[in-house]
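Q: What follows is a predicted protein model with its sequence.
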Number of protein chains: 2
Amino acid sequence: MQSELKFFNELVTKLLEKERSEPVVEPLPTSSVIADLDLGFSDEGMLEEDWQKVVENAVMHTPRTASKLFFNQLFGGRQPKAVIGDLLAVILNNSMYTYKVAGPQAGIETAIIKETCKLVGYTDGDGTMPPGGSMSNYMGLVMARDAKDNTVRYAGITKRMTLYTSNTSHYSTPKNAAFAGVGRDNIRYINNDDEGRMNPAHLEECIQKDIAQGHTPFYVNATAGTTVLGAFDDINALADVCQKYRLWLHVDGAYCGAVIFSEKHKHLTAGMERSDSFSYNAHKMLGTPLSSSVLVTKHKDQLVKSFSNEADYLYQTGDEDFDLGITSIQCGRRNDALKLWTLWKSVGNKGLEKIVDHQFYLADLAREYCENHPDYTLYSFPDSVSVCFNYKGIDPKDLCTKLYEDGNLMVGYGKFREQEFVRLVTINATNGKEEIEQFFKALELGA
Amino acid sequence: MQSELKFFNELVTKLLEKERSEPVVEPLPTSSVIADLDLGFSDEGMLEEDWQKVVENAVMHTPRTASKLFFNQLFGGRQPKAVIGDLLAVILNNSMYTYKVAGPQAGIETAIIKETCKLVGYTDGDGTMPPGGSMSNYMGLVMARDAKDNTVRYAGITKRMTLYTSNTSHYSTPKNAAFAGVGRDNIRYINNDDEGRMNPAHLEECIQKDIAQGHTPFYVNATAGTTVLGAFDDINALADVCQKYRLWLHVDGAYCGAVIFSEKHKHLTAGMERSDSFSYNAHKMLGTPLSSSVLVTKHKDQLVKSFSNEADYLYQTGDEDFDLGITSIQCGRRNDALKLWTLWKSVGNKGLEKIVDHQFYLADLAREYCENHPDYTLYSFPDSVSVCFNYKGIDPKDLCTKLYEDGNLMVGYGKFREQEFVRLVTINATNGKEEIEQFFKALELGA
């Protein structure tokens, strides 16, 4: 193992150097990438030296998501204290289903869940760490479905159940509705206001219509940070509607739910303690490696009902509170907790708050830049870390593709209503003012 | 980052040393583990020195799944070449949904899928890497449901759909049936023969009964390596039945599906090319870190139908064949491919074959040991890496708990029909004859 670790360390040193000198990778064509980098397999193994070369080559041609010119996704950068936690998780290699096999790692996940419940305001809540934000939403949807009709888990779906999410919410809701046997056609897409927030009056109207038709409304998916605009639905207003019609309110905070760590910004999720479930991705706003998703719910009993299963070949020591498989959608499950924990322990609640606040600060800078430069048209709003704009009226798709193909900058585009634009996501908290300026400079040069 | 990596390297050196000198951790009580190891959070961060101490303490008290006395689960040991791949995946931190963001890493996953299809015998197949074996089975079930009734994805479930799995199959089938809106009550648990294999005649009988009652049979879950006995269902016999009634045949090879790499043992999954989907966990038989699950299907179109969704904010470069989000149950998704690839490239197909064959060799040794020592009663069969036995008639639950609590050895127990027994899993291919003997010695001493 020691010689492999030596190779790892040398390669990481090279990669970190490369990230500084060449932050963007020139893309290889998909038609030849497998052949060009020798990615296929053979009967015989490789000499150590050849193996090291082929591994290094693949690593060096991989898009550098931690570099200063990567703004393409809702994650980016590298929090060293979190990285160490995930590296250790690989070496320790525990599966999180039982205390017997995970030991203190199950305690670490439990501590994260407990603290998150406290921050959200669930007094007797519980939770789990699902494999990503889509699956967090899925678990919320399944709990909602089962809570509305306790027979579904056993008898299957026997009536038409309807659910509600905004026009601009994440694409996991239609996927999840299909997976859950509820069906995509039973989703009502609710209108947004001009800043991308779900319209509660339209929500209520849709619910009433479904009830009048004899359907069974069961679930509202609110978003804390929509994928494109980064908008926050008004949770209190949606909770009023959900309370009235007894619907489960899930808050998809995959992108920006981590505002719960910020005194300054947590007002954006005001009313969250009235929701039934809430999720956030630590690998987005908090900058841990992928993935580290947290889902909490007010209804501990429903979490167990929807996800537990007897398995005497697995649960053997009676440590039920720490046998986390009981509340998981998976069985064997890697340790996604340690990386968040190593970061959180190191910087404390206040350190996580700083990380979150800094992203809003960077977004303010970026919006300011657009406002102060007449070549830019700005399409986004305060209180969001998505900064959406166009440059010199260039088609954003063409612009982003050119920047990518030329190896200048990685950034994506989005759409709200019929308007397309470039979307700069200021989620890499290791960036500063300089990197934001560098972003615009690279864009202007590469356009 | 460099100072953190230094800490990581020092800590790993200590851990590897500890694994050799004290392969088993003495368990801490769940009631105090959070307080004892200072796992909770504070407002303020920690001094670097204190942080290092608290991290080291948590790591050192974590069960050592890579050590020579860990036999508790369907994984164990450490393949250094695979570990390096997963460490690099943490550092690179790509999300696997698009070629733009994952680059050659998407090529690596594609190469794994292609080669697996070839080994299984799907000529124009495709696949994905789901987050674990349960989710692999879930994706198989969802494809089967959608293939049987193309309206479900849109309208939801409107009729009673029935599915079939053996009495001794994994507990993910009832969980998954609930998630999918099909319902646990619509599972028929099929009888086994004396060696734990599903009885095809009973399967056919149950299908006929459901048809007679007007239900819609859609899915048979076969197992390649049942969780307790490690038994292989007769895929050819089940395929005959599935063909006759047009049911989707999924092979859950989470535990032992990797026999496809072995000339000597792949007869255990004979007929697999007649199945509709097939999965294996590289983190079980192949010894990669958790998790690295591979799911392939003969029906590329169904994989896309069941799991794709338009998302123009995500898919932006037209590299469809390498935009792996289109065939994934998740959206953002960590790189579970690189660790399998670094191992596979290093040792080749023949090296993976050796890893698999060695586990059967170790199981033979263990069975031999039980047969040659009159204090042992053996309950398992050839062609299995689960070696099930009792020692001196001691209750296996009491024995395993004692061994665990005393910090002597980690091993679990299981049940077939009414017989309980200790289950030794010889899945750690870095073990040799000596370690198997050491296992029995530790058990005898600690009993």
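A: Thanks, I have it. Nothing here was measured: the structure is a model prediction, and the numbers come from that model.
Q: For burial, what's the neighbour tally of the residue of chain A found nearest chain B?
A: Chain B sits closest to A:Gly181 of chain A, with a gap of 2.0 Å, by CB to the nearest CB. Any C-beta I mention is one placed from the backbone N, CA and C, and that applies to glycine too. Look at A:Gly181: counted by other CB atoms under 10 Å in any protein chain shown, it has 27 neighbours.
Q: Isn't it up against B:Thr158?
A: No. Applying CB atoms under 8 Å, one finds A:Gly181 not in contact with B:Thr158, separated by 9.6 Å.
Q: Mind listing the shared neighbours of the two?
A: When contacts are counted by CB atoms under 8 Å, 6 or more residues apart in numbering or on different chains, the set common to A:Gly181 and B:Thr158 consists of B:Val152.
Q: Got the domain ranges for chain A?
A: A:2-61, A:85-341, A:347-446 (automatic domain parsing).
Q: what about the last one, how long is it end to end?
A: So that's domain A:347-446. 37 Å (CA to CA, to the nearest Å).
Q: Do any residues in it lie close to chain B?
A: Yes. Applying CB under 8 Å from any CB of the partner chain, one finds that domain A:347-446 is in contact with chain B at A:347-351, A:397, A:400-401, A:404, A:410, A:412-415, A:423.
Q: From these, pick the one nearest B:Val251.
A: Checking the residues of domain A:347-446 next to chain B against B:Val251 by CB to CB gives A:Gly412 as the nearest, at 38.3 Å.
Q: For the closest one, pull up the helix or strand it's in.
A: Counting by DSSP states H and E, the element that carries A:Gly412 is strand A:410-416.
Q: repeat for A:Ile436
A: A:Ile436 is part of helix A:433-446 when elements are defined by DSSP H and E.
Q: ok now that helix, how far from the chain's centre?
A: Relative to its parent chain, helix A:433-446 has a centroid offset of 26 Å by CA atoms, centre = their mean, to the nearest Å.
Q: cool, and stretch A:322-332?
A: Using CA atoms, centre = their mean, the offset of stretch A:322-332 from its chain centre is 20 Å.
Q: now swap in stretch A:121-128 and tell me
A: On the basis of CA atoms, centre = their mean, stretch A:121-128 sits 20 Å off its chain's mean C-alpha point.
Q: Please export the C-alpha coordinates of the strand holding A:Gly412 as PDB.
A: This file holds the C-alpha atoms of strand A:410-416, laid out as PDB (Å, rounded to 0.1, in the frame of the first residue of the first chain):
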ATOM      1  CA  MET A 410     -16.000  26.400 -18.000                       C
ATOM      2  CA  VAL A 411     -19.400  27.900 -17.400                       C
ATOM      3  CA  GLY A 412     -23.000  26.900 -18.400                       C
ATOM      4  CA  TYR A 413     -26.100  28.500 -19.600                       C
ATOM      5  CA  GLY A 414     -29.700  28.500 -18.400                       C
ATOM      6  CA  LYS A 415     -33.200  29.800 -19.200                       C
ATOM      7  CA  PHE A 416     -36.000  31.500 -17.300                       C
END
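Q: What strands line up against it, and which way round?
A: Paired neighbours of strand A:410-416 in the sheet (DSSP bridges): strand A:70-71 (parallel), strand A:419-425 (antiparallel).
Q: Can you give me the distance of the nearest residue to A:Lys392 once chain neighbours are set aside to A:Ile394?
A: Counting by CB to CB, 6 or more residues apart in numbering or on different chains, A:Asp375 is the residue found nearest to A:Lys392 once chain neighbours are left out, at 5.0 Å. Distance, A:Asp375 to A:Ile394, using CB to CB, to the nearest Å: 10 Å.
Q: one step back: now the residue of chain A closest to chain B: closest residue in space that isn't a chain neighbour?
A: Among residues not flanking A:Gly181 along the chain, B:Gly181 sits closest, at 2.0 Å (CB to CB, 6+ apart).
Q: Hmm, the one you found is touching A:Thr151, no?
A: No. With contact defined as CB under 8 Å, B:Gly181 does not reach A:Thr151; the gap is 11.5 Å.
Q: All the helices of the stretch 151-300 of chain A, in order from the start?
A: Applying DSSP state H, counting those that start in this stretch to the stretch 151-300 of chain A gives helices spanning A:152-155, A:172-179, A:200-212, A:235-245, A:300-307.
Q: so which of those gets nearest A:Lys114?
A: helix A:300-307 (11.6 Å).
Q: chain center to the longest helix along chain A: distance?
A: What stands out as the longest helix in chain A, according to DSSP state H, is helix A:338-372. In this view, helix A:338-372 has its centroid 15 Å away from the chain centroid, taken as CA atoms, centre = their mean.
Q: again, but for stretch A:99-108
A: The answer for stretch A:99-108 is 24 Å, by CA atoms, centre = their mean.
Q: Could you check which helix or strand contains A:Cys127?
A: Actually, residue A:127 is Gly. It isn't Cys. A:Gly127 belongs to strand A:126-128 when elements are defined using DSSP H and E.
Q: So for that strand, mean pLDDT?
A: The average pLDDT for strand A:126-128 rounds to 98.
Q: Contact partners for the residue nearest to A:Gly181?
A: B:Gly181 makes contact with A:145, A:152, A:156-157, A:180-182, B:156-157, according to CB under 8 Å, 6+ apart.
Q: Narrow these to those in strands?
A: With strands defined by DSSP state E, no entry of these lies inside them.
Q: hang on, the earlier thing: elements contacting the helix holding A:Ile436?
A: Judged by 3 or more CB pairs under 8 Å, 6 or more residues apart in numbering or on different chains; DSSP states H and E, helix A:433-446 is in contact with helix A:338-372, helix A:396-405.
Q: What sits closest to A:Arg188 if chain neighbours are left out?
A: Closest to A:Arg188 by CB to CB, 6+ apart is A:Cys206, at 4.2 Å.
Q: before we move on, what about A:Glu56?
A: Closest residue to A:Glu56 apart from its sequence neighbours, by CB to CB, 6+ apart: A:Leu11 at 5.8 Å.
Q: And A:Thr377, by the same measure?
A: A:Asn390 (4.8 Å).
Q: does that neighbour sit in a helix, a strand or a coil?
A: With DSSP: H, G, I helix; E, B strand; the rest coil as the basis, A:Asn390 sits in strand.
Q: so it touches A:Tyr379, yeah?
A: Yes. Taking CB under 8 Å as the definition, A:Asn390 is a contact partner of A:Tyr379 at 7.5 Å.
Q: joint contacts of the two?
A: Joint contacts of A:Asn390 and A:Tyr379 (CB under 8 Å, 6+ apart) are A:Phe421.
Q: among the strands paired with strand A:410-416, which is nearest B:Arg64?
A: That would be strand A:70-71 among the strands paired with strand A:410-416, by CB to CB, at 36.5 Å.
Q: Next, report how far that closest one is displaced from the centre of its chain.
A: Worked out by CA atoms, centre = their mean, strand A:70-71 lies 16 Å from the chain centre.
Q: what comes into contact with it?
A: Strand A:70-71 is contacted by residues A:23-24, A:63-64, A:76, A:409-411, A:424-426, A:428, A:439 when judged by CB under 8 Å, 6+ apart.
Q: returning to what we had before: please name the residues that touch the residue nearest to A:Thr377.
A: A:376-377, A:379, A:396, A:420-422.
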